[in-house]
Each structure stands twice: as structure tokens, then as C-alpha cells.
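In: Kindly return the folded structure for what I paste below:
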Amino acid sequence: HEWLSELIMYAAVTFAGWQGLHVVISICYALAAGYMLRFLLDRIEPIYAITVAVICLATVNTHFLGRPHVFAWPLIAVWVGTLANAVERNRRPPWWLFALIPLWTNLHASFTLAIGFAGALALDALWSAPDLPARRLALRRWTPFIVACVLGVLINPRGVHAITHAAGVMNMKKTLDIVSEWRSADFHEFQFFLVWLLCIIGAAFVTRMRLSAPRVIFILGLIYLGLKHQRYHSLAGLVSPFIIAAPLGVALRRMAVKSEANAAGLDAFFQRSAQPAG
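Out: Numbering: from 1, shown residues only. Below you'll find the predicted structure:
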């Protein structure tokens with residue numbers, strides 16, 4: 001079910017040994033990390049963008065391994081980031097994004113999350129619409145895209161069996177209880193997921209960050225998955241910045257207006273430092 005990732009890994013090892021696989025995996029990680037930081041920099045000041053990226057990528061690092069799931073990381077980042085951008089700019093989801101679906105489906109079994117993420121952000125678009133005509137417009141924009149994506153996951157050698165396989169893995173409860181990464185989070189030992197979780201809670205209190213109801217459910221879903229299975233810690237760190245960036249940026253700017261001391265704070269220092277580079 002992950003035949004395309006396995007072929008890429010086989011080719012890397014064949015032509016360049018284990019070092020070649022290290023390079024390929026690192027490129028995938030770098031693409032996801034770079035896209036995340038670029039997305040954050042478009043919405044919040046550099047010092048905060050770097051801080052959020054470092055915390056979230058440290059959570060992602062816990063699953064930074066030479067395995068097929070890393071090939072899906074840049075796809076997840078671009079998928080969620082592009083759809084979140086479409087919601088925030090009140091646009092239809094771009095159809096070029098659909099090309100990621102068959103690629104993702106044949107790279108890693110996490111492709112099932114793509115439909116869930118798209119559905120959650122479609123609900124966010126409907127929720128954010130100011131009136132009934134705007135909601136109808138959002139519905140017309142998002143429904144064909146999601147239907148096409150559902151059909152797009154069938155573009156794989158196994159057809160619908162790829163979906164049933166992914167669902168079947170989640171039902172192997174006795175087996176999953178044995179594999180450490182499928183166990184629930186154990187905070188008796190340090191896990192960066194706990195740092196990420198505390199930072200999310202702290203940001204909500206300190207900045208009074210306001211998320212729409214669908215985005216709140218989205219973040220709560222990531223927290224639930226991370227608490228239930230340790231393997232989802234990296235997913236929470238990878239996806240959450242795209243959900244909180246815009247609301248966090250609004251909250252931070254609101255705080256900056258109220259605080260005169262902010263003019264001489266870290267933001268001003270980093271802006272002065274960035275002028276020569278600009």
C-alpha cells in the first residue's frame with residue numbers, strides 16, 4: 001500500500017547507499033519545515049513565527065525516521081496550508097491541489113487524513129461566511145473539490161482496498177497495544193508533545209487567541225490523536241501551525257497595539273536586524 005515510497009527508498013539506497021536515503025528523507029523534512037515557516041511569516045512577526053516553528057518541528061522530530069510517512073510530510077503541509085489559505089482569503093480551493101491526492105495515496109496510508117482535513121476546513125469556510133448567500137457560494141466552491149478528492153483516493157493499484165486497509169490497521173487494537181508508537185502518550189518520560197500541548201494552552205490564555213468553532217474542533221482532534229497514539233505527535237506538530245497562525249497573528253497584533261513597551265521589544269530588535277538582509 002506504500003509502494004511508491006518503497007520504490008523511492010529502494011532507488012536511493014541502490015544508487016547512493018544509506019546516505020542517499022538520509023538525503024532524500026531530509027529533503028522531505030526540509031520542504032515541510034520551509035513551507036511551514038513561510039506560511040507563519042506571512043501571518044505573524046518573525047520572532048513569533050520562528051518560535052512556533054521551532055516548537056512544532058521539535059514535536060515532528062520525534063518521528064523523523066527513514067520510513068514512508070516522511071514522504072507524506074511535505075504533502076500534508078502544502079495540503080493543509082493551501083486549504084487554510086483558501087479559507088482565509090475567501091477563495092475556492094485550487095484544483096491543482098487535487099494532484100496531491102493520487103500521489104499521497106500511493107506514498108503513505110495517511111492519505112485518509114486528507115479528506116478529513118479538507119472537510120474540516122470546508123466547514124470553517126461555511127462557518128466564516130457572513131450570510132446565507134456567502135455560505136451557498138462556499139458550499140458550491142468546496143463540494144466539488146471534496147467529492148473529487150474522495151474519488152481521487154481510488155487512483156491506486158488496490159482501489160478501494162487501500163481505504164479498507166487503512167481502516168483495518170486502526171482496528172487492530174491488540175496488535176497496536178504492543179507497538180510502542182501506537183500506545184497512548186506516557187508523560188512519565190519527557191515528550192515534546194507535552195511542551196507543544198502546554199504552549200497551545202498558554203497561547204490561548206495569554207493572547208486570547210480566537211479560533212472559529214471548526215478550528216477549535218480541529219485542534220482538539222489533534223490533541224486527542226496525540227494523547228491516544230504517540231505516532232500522531234508529529235502530525236499535531238506539523239498541522240497545528242496552519243490552523244492557529246492567522247488567529248494568533250490577529251491576537252498578537254491586538255496585544256501590540258495595547259502595549260507601548262512592545263515597540264522596544266523583541267519584534268523591533270529583529271526588524272532592525274533584518275534591514276541589512278532585506
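In: Distance from the chain centre to the helix ranked longest in the chain, please.
Out: Counting residues, the longest helix found in the chain (DSSP state H) is helix 3-41. Mean-position distance between helix 3-41 and its chain equals 17 Å (Cα atoms, centre = their mean, to the nearest Å).
In: Tell me which residues of the helix or strand that that helix is followed by come out buried.
Out: Counting by DSSP states H and E, the next helix or strand C-terminal to helix 3-41 is helix 46-61. Within helix 46-61, the residues scored as buried using 16 or more other Cβ atoms under 10 Å are 46, 48-49, 52-53, 55-57, 59-60. Quick note: C-beta positions are derived from backbone N, CA and C, even for glycine.
In: Report the buried residues of stretch 123-137.
Out: For stretch 123-137, a neighbour-count test (16+ other Cβ under 10 Å) marks 123-126, 128-129, 137 as buried.
In: how far does it sit from the chain's center?
Out: Taking mean C-alpha positions (Cα atoms, centre = their mean), stretch 123-137 and its chain are 23 Å apart.
In: Residues touching that stretch, excluding its own?
Out: With contact meaning Cβ atoms under 8 Å, 6 or more residues apart in numbering, stretch 123-137 is reached by 86-87, 90, 138-139, 141-142, 212-215, 218.
In: Can you go through these and name the buried ones?
Out: 86-87, 138, 141-142, 212, 214-215, 218.
In: Out of the residues you listed, flag the one nearest to residue 32.
Out: Set against residue 32, the nearest of the buried ones among the contacts of stretch 123-137 by Cβ to Cβ is residue 218 (18.3 Å).
In: quick one, what contacts the closest one?
Out: Going by Cβ under 8 Å, 6+ apart, residue 218 touches 120-121, 124, 243.
In: just checking, which of the residues you listed belong to strands?
Out: In strands, judged by DSSP state E, none of the contacts of residue 218 are found.
In: Most neighbours among the residues you listed, which one?
Out: Counting neighbours by other Cβ atoms under 10 Å, residue 121 comes out on top of those with 27 neighbours.
In: distance of the residue nearest to it when sequence neighbours are not counted from residue 130?
Out: Nearest in space to residue 121, with sequence neighbours left out and distances taken as Cβ to Cβ, 6 or more residues apart in numbering, is residue 83 at 4.5 Å. Going from residue 83 to residue 130 by Cβ to Cβ, to the nearest Å gives 20 Å.
In: contacting residues around residue 150?
Out: Residue 150 neighbours (Cβ under 8 Å, 6+ apart): residue 115.
In: and it, what pLDDT?
Out: If you check residue 150, the pLDDT there is 92.
In: what helix or strand is it on?
Out: helix 132-152.
In: Moving C-terminal from that helix, which element do we reach first?
Out: Using DSSP H and E, the first helix or strand after helix 132-152 is helix 161-170.
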